[in-house]
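Engineer: sharing a sequence plus its predicted fold:
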Amino acid sequence: MTMPSDLSLGRRAMALLDALGKHSDEPGRLTRLYLSAAHREAAETTLRFMREAGLDSHIDPLGSVVGRLEGADPDAPALVIGSHIDTVVDAGRFDGTLGVVLGIVVVEALRAEGVVPACPIEVLAFGDEENARFPTNLSTSYALSGRYDPAWLDGRDQDGVTLREALTRFGGSPEGIAGIARNPARYRGYLEVHIEQGPLLEAKDLPVGIVSAINGITRARAVVTGEAGHAGTVPMSMRRDALAAVAEMIGIVERAGAKRSDTVATVGVAQVQPGAINVIPARVDFTLDARSPDDAVRHAMVQDILSECEAAAQRRGVGFTIEPFMDSPATPMDKDLMLRLEQAIGSIGVEPLHLASGAGHDAVAMAALCPVAMLFVRCKGGISHNPAESITVEDADAAARALLETVKTIVA
């Protein structure tokens, strides 16, 4: 049972979230894409919040908002708290932004209690976690570990605008990207609070949970080729129906993902040609997305899927090719930081629960710089990337108190 609280931290977080939720590229719904006008407005608002909290703050050359509290020893390795303020199209208010505002709220609480941290604390608001505008991958957080891919600057959005052009219009600096990289020796850890984006915490009736690992991801594009024919004249036994073959393959993918409790596998896109009601499908392009917190398990699952799909194609007399285009390794969380989160959660009267993250987060990129850990917050119905995304002030408060207690054990 959660320990009693006046909910002041949760209410403060909700107020900041409400303010940031007003910055959108589209009227009537929340869309805040990387380097858009709304992103700039949200970055400026976040910058103001950080400065009001007593953080020495600026917007870096890639558009991330960076706030720093020096602490008693400015030369000691810093603790980082962060997440992102960009969104998908027609988003909810909490994905990413919750982790940013809770970092600010924790700094405010430390100052209100008169706590001077022994080491610096940085709060970061990344701008390109969703990768919803440009073909990138956690670009703003990878920049901190010196892993920014210069090719990303030439990527284009759906309007043909390059990232380089958008960054310049935003007020950023392509030439300044290299200077964002940090020295790993100067950082002791990264903490990220994020809504769960899944139903487990709600099912367990818990406000928060500890992430054990972020799933590794395999993504691939597959093509099945058959033979078009008249839907009324070609006998069923003589057909080479590409869509029927893919239907069987989708079942293979679903069964493979369901074999274990910690794996998932999805066919999210299927494009049928020629796409006429009276023509047997000749070609289907489809995608595979397979995830697991254990890379060996994920690779074995993908191999099983490929073997079974190849067998199905051969049996049906259709062609099958598949081209992997992503192999993102799983990211384990740091055991010491996880233990600190567990103790903090216990101190507010919540049973600690460990769960894997099926989605990617900035913590994946930050793990290349320093140890990382994540705290998940219950969201209604497990819904995310949706205007119906919702958390309660009570759960926001529990997350804030757990983060605050964790930070105290690190910077005391």
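Structural biologist: All right, it came through fine. Numbering: from 1, shown residues only.
Engineer: in stretch 81-94, what counts as buried?
Structural biologist: 81-88, 91-94 (16 or more other C-beta atoms under 10 Å). C-beta coordinates here come from the backbone N, C-alpha and C atoms, glycine included.
Engineer: return the alpha-carbon coordinates of that stretch using PDB.
Structural biologist: In PDB, the C-alpha atoms belonging to stretch 81-94 read as follows (Å, rounded to 0.1, in the frame of the first residue of the first chain):
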ATOM      1  CA  ILE A  81      17.800  12.400 -15.200                       C
ATOM      2  CA  GLY A  82      16.000  12.700 -18.600                       C
ATOM      3  CA  SER A  83      13.600  11.700 -21.300                       C
ATOM      4  CA  HIS A  84      12.100  13.300 -24.400                       C
ATOM      5  CA  ILE A  85       9.600  16.100 -25.300                       C
ATOM      6  CA  ASP A  86       8.900  15.100 -29.000                       C
ATOM      7  CA  THR A  87       5.800  13.200 -29.800                       C
ATOM      8  CA  VAL A  88       4.200  11.000 -32.400                       C
ATOM      9  CA  VAL A  89       1.300  12.300 -34.500                       C
ATOM     10  CA  ASP A  90      -1.900  12.700 -32.400                       C
ATOM     11  CA  ALA A  91      -0.100  11.800 -29.200                       C
ATOM     12  CA  GLY A  92      -0.800  11.700 -25.500                       C
ATOM     13  CA  ARG A  93       0.600  14.100 -23.000                       C
ATOM     14  CA  PHE A  94       2.700  11.800 -20.900                       C
END
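Engineer: and the helices in the stretch 301-412 of the chain?
Structural biologist: 335-347, 362-366, 393-411 (DSSP state H, counting those that start in this stretch).
Engineer: show me how far the longest one is from its chain's centre.
Structural biologist: Pointing back at helix 393-411 there. Relative to the centre of its chain, helix 393-411 is centred 21 Å away, using C-alpha atoms, centre = their mean, to the nearest Å.
Engineer: same deal with the shortest one?
Structural biologist: Using C-alpha atoms, centre = their mean, we find the averaged C-alpha position of helix 362-366 to lie 9 Å away from the chain's own average C-alpha position.
Engineer: residue 269: which of the helices of the stretch 301-412 of the chain is closest?
Structural biologist: Residue 269 lies closest to helix 362-366 among the helices of the stretch 301-412 of the chain, at 23.1 Å (C-beta to C-beta).
Engineer: helices or strands next to the closest one in the packing?
Structural biologist: Under the contact criterion of 3 or more C-beta pairs under 8 Å, 6 or more residues apart in numbering; DSSP states H and E, helix 362-366 touches strand 78-84, helix 139-142, strand 187-195, strand 208-214, strand 372-377.
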